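*Asks:* Coordinates only, no sequence provided:
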C-alpha cells in the first residue's frame, strides 16, 4: 500500500470535516498544518493529531516536503498557494470556490498543467452517496434510457435576519456573488455528473436579505446537450420543514422515459417506474461528517487516483467546464436572457 504524506492549509469551519476524513484514510499521514491563528491551529492539532504547525505555508512546503497539500482557505488565496505548491512539485487538492473569477481559476489550472502536478478540486457534492446511487440507477436504466428533467428544491433558512451566516461562515455576508458561487456550483457539477454537458442556461437571481452583499435566491433552468432539462430552485432565506436541512440540502426529482427517482430530505431514495407505485430503494448512507460522509469519499477518490494515475473526476480542466456554466448563470441573470455555454 503506497503511503502519502500530506499537509493542510486552513483551520476554518469546514476544515474540520476534511481533517477528520484524512484521519480515516490509512494511506495518508497529515504531518503538518498552516494557519496564522495559533489558537485555531491548536484546536486542529489537538483534535486531529496533527504534529506540526506553521504560520507560513511556503516554509511548511519547504520543510515538510509533502506529496500533496490540501488547501482549505478562502478563494482569494488559491491562485498564489496553488502556484507555489505546483512550483515545488507538490500535488494539490483545493477547496471550492476555486477562485474569485473564472480567469483566476484558469490560471490555477494552467499552472498545475505546466508544472505537471496532479490537481483536483475538492468538489464533494457529486460524491454524496445518494448522487452516486442515482447515477448507478440511471446507468442501469431504472427509469429508462432518457432523462426528461432533473429538479432540485432547496430552502436552507440560514440566511435571514441581521445575523445571517454569522454563527458558521460570516464571510458569506460580504461575497458579491453568493448563492450560485458558493452553493450552486455544487449542483452545476452534480447535474453535469448525472446528465452530461449543459448547453445553455436561463437564470433569475435576487437578494432577499438586505444585510448581505450577494444573491441568496436563484431559479436556474439548464438545457442539456442531450435534450434534458434541469431546474435548480434555491434560496437560503426561507426555511426547510425538515429538522436537518444540511443533510441533503433539499429534495431532488429525476424524471425519465421510464419513470422517476426521488430523493427526500432524509436521504430516502424511491423509484417509480411508469404504471407502478413508488417503491423504496435501499442503499447505504450514513449521517457522518458532512452530507453523507462525502468529504471522506472525495478525499478517498483523490488518494485512489494519486495511487493508480487515473484522472480525477474533478480535475482542473474538467472543473473549468463547471465554472463556465457558473459564469453563464450570472451572465444570464444580468442580461435577462438565455446564455449558451462557451466551453
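*Replies:* In hand now; what should we look at? Everything quoted here is computed from the prediction, not taken from an experiment.

*Asks:* how many other residues sit next to the closest residue to residue 44 other than its chain neighbours?
*Replies:* Spatially, and ignoring its direct neighbours in sequence, residue 44 is nearest to residue 11 (5.0 Å; CB to CB, 6 or more residues apart in numbering). No exception for glycine: its C-beta is placed from N, CA and C like everyone else's. Residues contacting residue 11 under the criterion other CB atoms under 10 Å number 25.

*Asks:* Tell me the pLDDT of residue 11.
*Replies:* pLDDT recorded at residue 11 is 96.

*Asks:* Need the three-state assignment for it.
*Replies:* coil (DSSP: H, G, I helix; E, B strand; the rest coil).

*Asks:* Pull the contacting residues for the most centrally placed residue in the chain.
*Replies:* Centroid check for the chain by CA atoms, centre = their mean gives residue 123 as the closest residue, at 3.2 Å. Counting by CB atoms under 8 Å, 6 or more residues apart in numbering, residue 123 makes contact with 96, 185-186, 189, 298, 314, 319, 322.

*Asks:* I'd like to know how many residues surround residue 280.
*Replies:* Residues near residue 280, counting by other CB under 10 Å: 9.

*Asks:* three-state assignment of it?
*Replies:* Assignment for residue 280 (three-state DSSP): strand.

*Asks:* Next: residue 24.
*Replies:* Applying three-state DSSP: residue 24 is coil.

*Asks:* Could I get the pLDDT score of it?
*Replies:* With respect to pLDDT, residue 24 has a value of 98.

*Asks:* give me phi/psi at it?
*Replies:* Residue 24 adopts backbone torsions of phi -100, psi 10, taken as degrees, to the nearest 10.

*Asks:* What separation is there between the closest residue to it other than its chain neighbours and residue 44?
*Replies:* Spatial nearest neighbour of residue 24, chain neighbours left out: residue 296 (6.0 Å); criterion: CB to CB, 6+ apart. Applying CB to CB, to the nearest Å, the value for residue 296 to residue 44 is 17 Å.

*Asks:* Also residue 126?
*Replies:* Residue 126 is 27 Å from residue 44, by CB to CB.

*Asks:* now do residue 114
*Replies:* Distance from residue 114 to residue 44, by CB to CB: 32 Å.
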